[in-house]
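**Q** dropping a prediction and its sequence here:
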Amino acid sequence: MLVTTAVVTAFVVPNTIRSRSSAFIAPQSFQRNNGSQLNMMFDQLSSALSEVANNFGKKRITEASIKPALREVRRALLDADVNIDVADTLIEGVKKRSLGDEVLKGVTADQQFIKAMYDELLDMMGGDSTTAKTMGAGDAAPAASLAKGTAAEPAVVLLAGLQGAGKTTAAGKLALYLKERETDYSGVDPDAETDGDNMVLASKLPKTNRKVLLVAADVYRPAAIKQLQILGESIEVEVFSMGSDADPVDIAASALEKAKAEGYDTVLVDTAGRQVIDTDLMDELKRIKAAVQPSETLLVVDAMTGQEAASLTASFDSAVGITGAILTKLDGDSRGGAAVSVRGVSGKPIKFVGTGEKTKDLEPFYPDRMASRILGMGDVVSLVEKAAQEVSDEEAKKMQEKMLKAEFDFDDFMKQAKLVSNMGNLAGVAKMMPGVGGNIDPTQIRDAEERMKKNQSMINSMTKKERAQPKLLISDKTARSRLERIAKGSGRTLKDARVFISEFQKMRTMMSRMSKMMGPGGGGPGGMDPAMAGDGDMDMAGAQGNRAMRRA
């Protein structure tokens, strides 16, 4: 994990000095080549909230100092399409938490205000600020879980929603998650104390490995059944269908009988959606619920609709009764109105969020991690989780030992570049790094990704010996001729090759500094200390390349 952090930091922030003076620094806007703005998750809200952290007294947060800040926060929430009642409740809560608080030693007033914002966001989205150990630290289990069944009595999960929200796709994603990635938290003590060296990772806990049956009960939308069958085939989950002429109620009832007969412990029913909430839709859902008595009724809502998603959740709950929501397309929601509003308006928890287009891009909803992201503080727990899913403990240990001995080579670099790619993309990984994600101009992301591709092409032009022994390209007398050959073979210039080797040297220097600060075996899972991830001292600006390389 430490190595991945160094790789991302080296290429995203080569000359950026990260400040310790503020709890968060908002990202800047980023223009694509075609001029359209590229917004990442919650960028709009995070950017707006960054303007409120400089209006406080030195010794105490007073009503006079907090008033303009709260006004700007309220405006930011409304601009982000947060429900007005939710926004007002949140503002009032922040005010009560902040007023009269003495500024703690070593903590600035703006940081204390951000902590109040974090706690209020956490409570608003379904978390519990009274039990949160550390701001942004993350607990092992999500705030809301999904009902479990047995082979004799399967858990029936009804998926409802309007057309276009991604309901059928969400059904496939949820089936894959329950089959392969759902964590069994039964052996985890929720009150156990954890620290950076003993972080509970969901990826390291046992899985429930449910036997899931998908049910195609949407008989109205053209190709809905075929779409679910294709999804089921791709994730190796059986899909039960009776064709488009059957009654959805009969389909659901027959599917439940099949599940009991064949030992399925979970049944996911994909029901029909409508363009608007109408009587027929609600009546059909009620009849299906009466027939199969579902353990869960989840509403699939589009995060891009903002506070309308919250109103829709409340409407469905009033009409048919739901147990929670799945927010889809959250990766494209730069505002954050839906995530903040759903529970505050409907009283129902968000249980899962869709974070991409692939079938694996569905995650449990963690209010603490979401609050941390909204405030631009990164999400180190999710970052470590993603890395742990891609790298085994043995591989992480070997990489840590190579780093400690300064033996990190170009083959290792390629492995880390592939790891970042598997985790999503460079931008997504950087945004989750405290002290980095909120302090980078996203134009650096575009440049860094281009440099990554360029550097990978140069590594592909190296010999096996050169990849394993970087000193041949740094201090060896043949370094210049080797670099000329590599540059020519990859279609690059000698200057490009020299710049890459210099960056590689800086990255190794950074790893050495991090390892010395942590000591052998420190740093939590994969060698990453969450508290250290945002340390301003670990800055690439001070890392120097090898003198021999600069003479080459």
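**A** Perfect, thanks for sending it. None of the values given here were measured: they were computed from a predicted structure.
**Q** so I114 sits in a strand?
**A** No - assigned with DSSP: H, G, I helix; E, B strand; the rest coil, I114 falls outside any strand and is helix.
**Q** verify the contact between it and L375 for me.
**A** Yes - with contacts counted by CB atoms under 8 Å, I114 reaches L375, the gap being 6.1 Å. C-betas here are computed from N, CA, C, even on glycine.
**Q** which of these two has more residues huddled nearby?
**A** Shown here are I114 and L375; by other CB atoms under 10 Å, L375 has more neighbours (25 against 22).
**Q** pretty sure V94 contacts K115?
**A** No - applying CB under 8 Å as the test, V94 and K115 come out as separate, 10.0 Å apart.
**Q** those two - which one has more neighbours?
**A** Counted by other CB under 10 Å, V94 and K115 do not tie: V94 has more neighbours, with 23 against 19.
**Q** what's the distance between the more buried one and I61?
**A** Distance from V94 to I61, counting by CB to CB, to the nearest Å: 10 Å.
**Q** what residues are shared contacts of those two?
**A** Shared contacts of V94 and I61 (CB atoms under 8 Å, 6 or more residues apart in numbering): F113.
**Q** identify the residues contacting V353.
**A** A303, I326, L327, T328, L330, A339, L362, E363, F365 are the contacts of V353 under CB under 8 Å, 6+ apart.
**Q** reformat those residues as CSV; add secondary structure.
**A** CSV is the format used below for those (three-state DSSP):
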residue, secondary structure
A303, helix
I326, strand
L327, strand
T328, strand
L330, helix
A339, helix
L362, strand
E363, strand
F365, coil
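**Q** derive a PyMOL selection command for the buried subset of the residues you listed.
**A** This is the PyMOL syntax for the buried subset of the contacts of V353, where burial follows 16 or more other CB atoms under 10 Å:
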select buried, resi 303+326+327+328+330+339+362+363+365
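**Q** which one of the contacts of V353 sits closest to K471?
**A** Comparing the contacts of V353 against K471 with CB to CB places E363 closest, at 42.1 Å.
**Q** isn't that closest one up against T355?
**A** Yes - look at E363 against T355 with CB under 8 Å: they come within range, at 5.7 Å.
**Q** and the gap between K454 and S490?
**A** For K454, the distance to S490 equals 8 Å [CB to CB].
**Q** higher neighbour count, the two?
**A** Neighbour count, other CB under 10 Å: between K454 and S490, S490 has more, with 20 against 16.
**Q** for that one, what are its contacts?
**A** Taking CB under 8 Å, 6+ apart as the test, what S490 contacts is K454, S457, M458, N460, S461.
**Q** of these - the most surrounded one?
**A** Neighbour tally across these (other CB under 10 Å): the maximum, 21 neighbours, falls on M458.
**Q** for D496, see how far away it is.
**A** For M458, the distance to D496 - CB to CB - is 7 Å.
**Q** next, show the common contact partners of these two.
**A** Contact criterion CB under 8 Å, 6+ apart; residues shared by M458 and D496: A487.
**Q** related to what we said a few turns ago, of the contacts of V353, which pair is most distant in space?
**A** Most distant of the contacts of V353, by CB to CB, are A339 and L362, 14.9 Å apart.
**Q** still on that earlier bit, how about TSV for the contacts of S490, with pLDDT added?
**A** Output for the contacts of S490, formatted as TSV (pLDDT from 0 to 100):
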residue	pLDDT
K454	90
S457	94
M458	95
N460	94
S461	95
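**Q** rebuild the residues you listed as a markdown table, extending it with secondary structure and distance to E120.
**A** Shown next, in a markdown table, are the contacts of S490 (DSSP: H, G, I helix; E, B strand; the rest coil; distance: CB to CB, whole Å):
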| residue | secondary structure | distance to E120 |
| --- | --- | --- |
| K454 | helix | 45 |
| S457 | helix | 48 |
| M458 | helix | 49 |
| N460 | helix | 50 |
| S461 | coil | 54 |
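**Q** and which of those residues is nearest V384?
**A** Out of the contacts of S490, the member with the shortest distance to V384 (by CB to CB) is K454, at 28.5 Å.
**Q** show me which positions of stretch 146-160 end up buried.
**A** Neighbour counts over stretch 146-160 (16+ other CB under 10 Å) mark L146, K148, G149, P154, A155, V156, V157, L158, L159, A160 as buried.
**Q** wait, the fourth one touches K260, no?
**A** Right, P154. Yes - using CB under 8 Å, P154 is in contact with K260, at 6.5 Å.
**Q** look up how far E390 lies from the residue nearest the centre of the chain.
**A** Nearest residue to the geometric centre of the chain (CA atoms, centre = their mean): S382, 5.8 Å. The gap separating S382 from E390 is 13 Å, by CB to CB.
**Q** can you map out the strands along the stretch 101-250 of the chain?
**A** 155-160, 212-216, 238-240 (DSSP state E, counting those that start in this stretch).
**Q** list every C-alpha atom in stretch 371-390, with coordinates, as CSV.
**A** Backbone C-alpha positions of stretch 371-390 (Å, rounded to 0.1, in the frame of the first residue of the first chain) are rendered in CSV as follows:
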residue,chain,number,x,y,z
ALA,A,371,-18.5,12.5,4.9
SER,A,372,-14.7,12.4,4.7
ARG,A,373,-14.8,12.6,0.9
ILE,A,374,-17.4,15.4,0.8
LEU,A,375,-15.1,17.4,3.1
GLY,A,376,-12.1,16.8,0.8
MET,A,377,-10.2,14.7,3.4
GLY,A,378,-9.8,11.7,1.2
ASP,A,379,-10.8,8.1,2.1
VAL,A,380,-7.8,6.1,3.2
VAL,A,381,-9.8,3.1,4.4
SER,A,382,-11.4,2.6,1.0
LEU,A,383,-8.0,3.1,-0.6
VAL,A,384,-6.4,0.4,1.6
GLU,A,385,-9.4,-1.9,1.0
LYS,A,386,-9.0,-1.5,-2.8
ALA,A,387,-5.3,-2.3,-2.6
ALA,A,388,-5.8,-5.2,-0.3
GLN,A,389,-8.2,-6.8,-2.9
GLU,A,390,-5.5,-6.7,-5.5
